[in-house]
Structures are given as structure tokens and as C-alpha cells.
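Colleague: Generate a structure from the sequence data that follows.
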Amino acid sequence: MTDALQLLTAHIRENEDSLVDQVIHAASDTGYFQYTPALTRAWRESVLGLNTDLCAALSAWADLPPIIAEADYQTEPYCQFALETGRRHRARGVTLGLFLGLIKHFRACYLDLVRECPLPEHEHTRAQRFVERFFDRAELAVCADWDRPDKDEVIADLTAKNRLLANEKDKYLTLFESIRDPAFVLDVAGKVENLNAAAWRLLGIETDSGEAYYCPQGELPERKRIDAFFSGQGLEDDTTITLETAQGRRSFEVHRRAVLETGSKYSGSLLVLSDVTAHLRALAETEQANRAKSAFLATVSHEIRTPLNGILGAVRLLGRDQLTQEQQSYVTAIARSGERLQTLIDNVLDYSRIEAGKLALDAGPFNLREILDNVMAIMSPRAKELGLGLVLDAPDVSTAIVRGDSCKLQQVLLNLVGNALKFGDQGDVRLGLRRLEGTVVRFEVEDCGPGIAAEERERLFLPFTQLHRASPARDRARGSGSGLGLAICQHLTRIMGGRIGVDPARSRGSIFWLEIALPPAGEPAAPACPVVDVPQPSRPLSLLLVEDDEVNQLVACGLLECAGHSVTIAGNGADAIDALKTQSQPGFDVVVLDIRLPDMDGFEVAARIRELTDWRMPIVAVTAHVARSEIKRRDTIDALLIKPFDPQELQRTLANLTNPGARVRFLDRSVICEHLEQLGVARTERIVSAFERVCSVSLAELDDGPEPQPATIAAVAHRLRGAANGLGLRHLARQAAKVELAATQFASADLLGLLGDLKGSALRSQRVLESAWRAMVLPRASANDS
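Modeller: Prediction:
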């Protein structure tokens with residue numbers, strides 16, 4: 001074979017896919033497609049067969065001899081594929097003229113391919129002549145063979161072919177009829193052409209198997225009933241529709257696929273309906289059960305936390321008195337039992353929220369050193385009490401600001417250190433930190449206990465699992481738990497995109513480790529959660545306490561009065577309103593309001609207080625309810641305390657609300673976090689975009705043209721207030737509420753200044769929201785990618 005023919009052979013083999021596409025398009029454009037198989041695979045087999053014969057001829061001949069009269073081309077080896085293909089087409093009823101016409105299109109496509117081959121000019125001419133003579137031989141062989149068989153042979157061959165086709169048709173028809181789900185064949189306009197037995201049953205129509213297939217085209221029985229069945233329904237793929245069927249109202253998942261074919265001979269689609277009625281009913285029942293569970297947990301939480309708040313508060317007050325050693329031991333025992341009960345309740349509620357998918361990632365900038373200092377400060381007294389050392393081993397930590405969920409990270413570390421202290425014997429508990437590759441940080445908590453067996457380590461992070469690594473007496477002295485702590489740690493770690501595990505220590509004990517990515521943050525850090533240094537109010541305060549439980553009244557009064565504040569008690573909402581109306585000047589500084597009151601809802605009381613005080617008086621909501629999200633969305637509430645709360649938490653809250661320079665924070669991230677968990681990123685992003693539009697339109701209304709009328713201002717402020725509350729933009733909601741109140745009361749003297757404050761708050765809120773949104777979504781996207 002010459003170099004030119006070798007190059008041509010390689011060119012033909014490399015362009016087989018292109019040849020297949022060209023031949024299909026040529027046949028489709030010229031009307032031959034309806035007489036040939038529709039699947040691409042059949043066309044590829046034809047190209048591969050011709051390529052094999054052509055390349056064999058190129059290998060054997062430098063140039064094919066011209067056509068001569070005496071030659072019998074039916075016996076030539078390079079014509080055998082064309083002969084077999086012609087016989088198959090003849091058996092299907094294709095005429096010789098149609099087959100030769102199709103061969104002409106194959107010839108043209110091969111000649112086009114030769115012209116594209118990078119050959120010298122004189123070699124191009126020889127290559128084209130070679131291909132022309134190859135197809136001449138193939139056509140002559142087919143023509144000579146076409147009329148050779150006798151009639152009996154042809155009839156027998158056709159009979160066998162027809163029997164095979166009939167069997168194949170029956171097989172696929174049987175498969176279609178046997179599909180368990182209702183299946184419909186639709187034409188290109190969406191009209192039903194065929195349907196299986198399950199579909200007939202769905203319509204409540206009694207027919208024989210294969211009824212639709214053997215009907216004259218377009219003459220299905222009960223055609224009007226079939227067409228009306230899908231009337232008004234969207235039949236897009238992967239959607240859910242509800243239909244009135246012979247079995248009643250049912251819900252279906254729609255699975256619709258276009259018919260797989262190469263050309264335009266067959267069109268339309270296959271529609272399969274999967275009955276999901278029972279599945280949707282089960283989902284609804286599950287959601288109802290979850291709602292009932294949440295309501296039950298909320299009620300139980302309130303009923304337990306309210307007396308627990310009284311117990312712990314009374315014990316703290318009692319502990320301030322001069323007690324004998326025996327009395328002090330009793331007080332300590334009560335306090336520890338109450339704290340253990342509080343931890344148990346918190347763990348059960350946390351695990352319930354995890355199961356319901358209610359815990360969201362709240363990523364933000366924070367100081368890593370501050371987190372470690374908080375853990376050491378909180379746990380050091382407990383270590384000292386147990387006679388153990390608590391050592392911080394973190395040479396790699398710095399004051400650099402990183403991004404992550406500081407509260408969840410601190411909760412995990414506190415749990416791990418608490419467990420290490422519980423199971424320690426003698427020696428030190430080590431809290432370590434070191435940096436790994438990239439932004440990954442590894443935390444280690446090494447205890448001085450007896451260690452954990454390998455088979456026990458495998459089930460350690462399962463819920464309700466407890467390992468007794470100390471003696472029973474030591475377990476009783478240090479307290480047991482619910483067996484949920486490590487399971488919660490594992491879930492929190494996964495939410496943060498990290499890993500958690502346990503390894504045996506080198507000498508004795510165990511090392512619990514946590515690895516999490518904490519990238520650098522490009523913005524100032526938020527305070528760690530919680531802050532160890534507790535700020536105090538700068539002056540004694542006059543407080544209105546709205547609380548119906550007598551024990552909690554006693555406890556709250558005692559804690560507040562011990563801190564130097566004066567307290568007025570209101571046992572219900574009506575008494576609170578009366579106390580505000582009759583207060584002597586300078587009046588109350590803060591209202592501490594229980595959300596559950598016997599006569600009216602706490603939110604209603606807060607709204608009445610706002611009307612009476614022109615939004616000037618801070619309101620601290622106190623609740624034992626676990627559904628905190630609803631409270632956080634209310635712009636009438638400045639701060640939230642969950643029972644049982646400690647005196648430091650109460651003092652910090654009062655200081656944040658009353659000290660000079662104290663301000664309402666611009667954004668409560670937890671509101672967006674809850675949207676992300678319940679609605680997903682896409683829908684939450686639409687809420688954020690909607691707020692930006694509302695904000696821009698509202699500012700334009702306030703700035704456009706002459707000074708707006710009070711009614712317009714009130715409407716705009718009301719709109720902004722609702723949009724801001726929906727995303728936790730507290731400062732903007734507060735400013736909008738002030739403007740709305742001033743506009744409805746026609747307080748024109750205050751309105752101009754309030755409008756300026758509102759515009760400034762709106763512009764800043766847009767910037768804060770944009771920055772927070774980027775910070776909260778990017779970590780989730782990274783976690784999904786990984």
C-alpha cells in the first residue's frame with residue numbers, strides 16, 4: 001500500500017462518527033429515512049461494514065481495475081457487505097431503485113471525505129477514482145443479485161422475516177402492557193396514541209390487552225374520555241399532578257421522556273405516571289407528627305423550665321446567705337441536680353432540632369483565641385472542683401480573625417472538655433490546637449481516664465450511648481447524662497463541614513479530636529458566644545417585671561434587687577399596662593416580660609407597651625418555650641432570655657440595652673439561618689432579592705418629588721418594617737416602626753429627623769445584608785462541593 005493510500009485509510013477510520021452523521025442527514029433530507037431503520041446504531045453498522053470492505057480493497061490494490069463486462073462482482077470479497085445489506089432491504093420490501101438511491105448518498109459522503117483528506121493533488125484524483133470504482137462494483141453486485149432468487153425462496157424468506165418481526169412486536173407490546181404504572185404514548189401535540197393496561201384501569205375502562213395497538217389510527221375507544229382525563233394538567237417531566245381517577249382522587253409523579261430516535265420518522269413522548277398518593281399521605285402524616293412533637297416539646301419544655309428556673313434561681317439566692325457547711329452542701333447538691341436536669345433538657349431539645357433539620361449554620365467572623373479562653377474560663381472551676389488540671393496547649397493559636405460558627409464550635413469543645421473532666425482520674429485534661437494543611441484546624445481534648453476499648457469507640461457517637469469508664473461510685477459523684485452529648489457533637493461538626501473522632505492516647509486515656517476549616521475572615525470579629533467578661537449596667541435600673549409565676553417572681557426580684565435594681569411586679573398583661581400608665585417619672589428603664597401570661601399574649605402586651613412609650617423603652621422577653629424563632633422575628637422584642645437563665649446572662653442583657661452607646665444590632669443572623677434550613681438557598685435568595693427591591697422602591701418613594709404626605713410615609717414605613725422583620729434586620733425594623741407611629745399620629749416635629757434616620761438605616765442595612773448573605777452562603781456552597 002502506498003503512503004497516500006495508508007493516509008486515506010487512516011483518515012476514513014478516524015472519521016467514522018462524521019460519516020455516520022453525514023449519511024443520516026443526507027437520507028433524512030432526501031426522503032430515504034422512512035424506508036430504513038431509525039436507530040443510530042443501524043447506520044453505524046452500515047458505515048463500519050463499508051469501511052471494512054473499502055479499507056481491505058485499499059490494502060490489496062494500488063488502484064482498482066476498471067469495470068469489465070465479464071466480471072462476476074457478486075463473488076468479489078470487497079462487495080460482500082453491500083450484497084448482504086441489499087438482501088436485508090429486499091426482504092423488508094425495499095425496491096432496487098430505493099436501495100441504489102441510498103447507496104448513491106453513501107458514495108457522495110465518502111467522496112466528500114476523500115476531498116477533505118490532506119493528500120497531494122494528483123493523489124486526490126487517484127483516491128476519488130478508487131472510491132468511485134469501489135461503489136460501482138458494490139452496485140453491480142447488488143443489481144446482479146437482486147432478481148436471482150426464485151419466488152419460493154423469496155416467499156419463504158419473507159415469511160420467516162415477518163414471523164420474526166411479529167414475535168418482536170408481540171414481545172415489546174407485552175412489555176409495554178406489563179408495565180405496572182400507567183403508561184401513555186403521546187404524539188408530538190401531546191395527544192394520546194396508545195396506553196397500557198394499567199392506564200386503561202386508571203381510567204376505569206374495560207378493554208382487552210393491546211386494545212389501543214390494534215385500533216385504527218386515532219380511533220381509540222372512549223377517545224373523549226381519554227382526552228378529558230388530562231385536561232388542564234401540566235405534564236412536564238418530574239412534576240406532581242392530582243387526577244380524578246376510577247379509584248378516586250390520586251396524586252402522581254410525572255415521568256415524561258421524548259421517544260429515542262435518530263430522525264423524524266417517529267415523534268412524540270412516553271408518559272409514565274407513578275402513584276405517590278400513599279407516599280404524600282405518609283409525608284403529611286410525618287410532618288403532622290413532627291409538628292405535634294414540636295408542640296409537645298415546647299409545652300413540656302415550658303412546664304419543666306419554668307419551675308427549674310425557680311429552683312436554680314432560689315438556690316443561687318440562698319447561696320448568697322451565710323450557711324453552715326452542711327447547709328452549703330445541700331445547696332450545692334440542689335444546684336448540681338438542677339444544672340444536670342437543665343443539660344439533659346437542652347440535649348434532648350437540641351437532638352430533636354437536629355432530627356428535624358432545624359439547626360442551621362451561622363457562620364461569621366470571630367477570634368479563635370477568644371473561643372479557647374472562654375472554654376478554659378467556663379470549665380476551669382469544674383476542673384478545680386474535681387481535683388484535675390485543665391491545660392491549654394495551643395502554640396499555633398493567634399488573635400487572627402477566622403470565619404465559622406463560633407457558638408457551635410464552642411458548644412462542641414465545652415462538651416468534649418466536660419466529658420474529659422467527668423471521666424478523668426488523676427492528672428491533667430489537655431485542650432490542644434494545631435493547624436493542618438490549608439485552613440483546617442485540629443482541636444484535641446486529651447483526658448486522663450482509663451481509656452476506651454476499640455469495640456466501644458465504634459459506637460461512641462451513637463445517640464443514647466453511655467460508656468462507664470470510671471467506677472460506679474465515681475460515676476455517681478460526677479454525674480451521668482443522656483447519652484446524647486457526643487451524638488450532638490457529631491451532628492454539629494457535620495453542619496460545620498468538619499470531622500470528629502476519638503483515638504487512644506499514647507500512655508492512657510483518650511484523645512477526642514475535631515477537624516474543621518476556619519478560613520481567614522476579611523471583616524471584624526463578632527463577640528464570641530458567650531462572652532466571659534460580663535458587663536454590668538452603668539447605674540441602678542428601675543424595672544417592670546411581668547411574670548405570673550410566684551416562684552419566678554420571687555427569684556427574679558431577688559436576683560435583680562441583689563444587683564442593686566428596683567423592681568415593680570405585674571402578675572399579668574393588664575396589670576403591666578396599668579403600671580406603665582401610672583408610672584411616676586422618670587419611669588421604668590426596662591420591661592422584663594414573660595411571653596406566656598394568663599390574660600393576654602406576651603406579644604400583644606409588648607405591642608401595647610410600644611404604643612404607650614413611643615418605642616423608647618427596651619423590652620426583654622423571657623420564655624421557657626423552645627420555639628425561639630417566632631420571638632426573634634418580632635420587632636417589638638429587644639432581647640430574649642430562655643429559662644432557666646443565670647444572673648450573669650441577665651446582667652449582660654440589661655447592660656447591652658441600657659448602657660451609653662448600647663444599640664439595637666443591625667442583623668439577627670439566626671433568622672436567615674432558619675430560612676436557609678427550611679426553604680433552601682434558592683428560595684431564601686429570592687427573599688433577600690425581594691427585600692432589596694422593596695428597600696430601593698421605598699427609598700425612591702420617600703425621595704421622589706415634593707415632601708410626601710404622612711399617609712404615604714406611614715405606608716412606606718409599614719412596608720419596610722415587614723420586609724426588614726422577615727430577614728432579621730432589627731435596626732431597620734425599629735426605625736421604620738418609629739416613623740410609622742409618628743406618621744400615623746401626625747407628629748410632624750419628629751417626622752423629619754426620623755425620616756433621615758430611616759433612610760440611613762435602610763442604606764446601611766442593605767450593605768450589612770449583602771455582606772452577611774455572601775458570608776453565609778459561600779461556606780454552604782463549599783460544603784456541598786466537598
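Colleague: drop to CA atoms for contacts and neighbour counts, all remaining ones
Modeller: Will do.
Colleague: And the closest residue to Leu667 other than its chain neighbours, how close does it get to Ala682?
Modeller: In this structure, Leu667 finds its nearest non-sequential neighbour in Leu729, 4.5 Å apart by CA to CA, 6 or more residues apart in numbering. Distance of Leu729 to Ala682, computed by CA to CA, to the nearest Å: 20 Å.
Colleague: Neighbour count: these two, which is higher?
Modeller: Taking other CA atoms under 10 Å, Leu729 and Ala682 do not tie; Leu729 has more neighbours (29 against 10).
Colleague: now the strands for the stretch 101-250 of the chain?
Modeller: 183-186, 192-195, 239-245, 248-258 (DSSP state E, counting those that start in this stretch).
Colleague: Quick one: closest of the ones you listed to Ala621.
Modeller: The closest of the strands of the stretch 101-250 of the chain to Ala621 is strand 239-245. By CA to CA, the value is 43.2 Å.
Colleague: before we move on, the earlier item: with mean pLDDT added, can I get the strands of the stretch 101-250 of the chain in JSON lines?
Modeller: Output for the strands of the stretch 101-250 of the chain, formatted as JSON lines (pLDDT from 0 to 100):
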{"stretch": "strand 183-186", "mean pLDDT": "88"}
{"stretch": "strand 192-195", "mean pLDDT": "83"}
{"stretch": "strand 239-245", "mean pLDDT": "85"}
{"stretch": "strand 248-258", "mean pLDDT": "88"}
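Colleague: Pull out the buried residues from stretch 371-379.
Modeller: Across stretch 371-379, burial judged by 16 or more other CA atoms under 10 Å covers 371-372, 374-376.
Colleague: Throw those residues into a markdown table and include distance to Met617, pLDDT and secondary structure, thanks.
Modeller: As requested, those are exported to a markdown table (distance: CA to CA, whole Å; pLDDT from 0 to 100; DSSP: H, G, I helix; E, B strand; the rest coil):
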| residue | distance to Met617 | pLDDT | secondary structure |
| --- | --- | --- | --- |
| Ile371 | 33 | 87 | helix |
| Leu372 | 36 | 89 | helix |
| Asn374 | 32 | 83 | helix |
| Val375 | 35 | 87 | helix |
| Met376 | 37 | 88 | helix |
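Colleague: Nearest to Leu702 among those?
Modeller: Ile371 (44.3 Å).
Colleague: any idea how far the closest one lies from Pro365?
Modeller: Applying CA to CA, the value for Ile371 to Pro365 is 12 Å.
Colleague: Tell me how many other residues crowd Ala724.
Modeller: Using other CA under 10 Å, Ala724 is surrounded by 28 other residues.
Colleague: helix or strand for the closest residue to it other than its chain neighbours, which one?
Modeller: Excluding the flanking residues, the one nearest Ala724 by CA to CA, 6+ apart is Ala733, at 5.4 Å. For Ala733, the element it lies in under DSSP states H and E is helix 730-744.
Colleague: Could you check that helix and say which residues are buried?
Modeller: 730-743.
Colleague: Closest one of the residues you listed to Ser406?
Modeller: The nearest one, if we look at these relative to Ser406 and count by CA to CA, is Arg730, at 21.3 Å.
Colleague: and Leu462, what are its phi and psi?
Modeller: Main-chain dihedrals, Leu462, degrees, to the nearest 10: phi -80, psi 150.
Colleague: and it, how many neighbours does it have?
Modeller: If you count neighbours by other CA under 10 Å, Leu462 ends up with 15.
Colleague: which residues sit in contact with Arg107?
Modeller: 131-132, 135 (CA atoms under 8 Å, 6 or more residues apart in numbering).
Colleague: I'd like those residues as CSV, with neighbour count and distance to Arg508 appended.
Modeller: Below are these laid out as CSV (neighbours: other CA atoms under 10 Å; distance: CA to CA, whole Å):
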residue, neighbour count, distance to Arg508
Val131, 21, 84
Glu132, 16, 87
Phe135, 21, 86
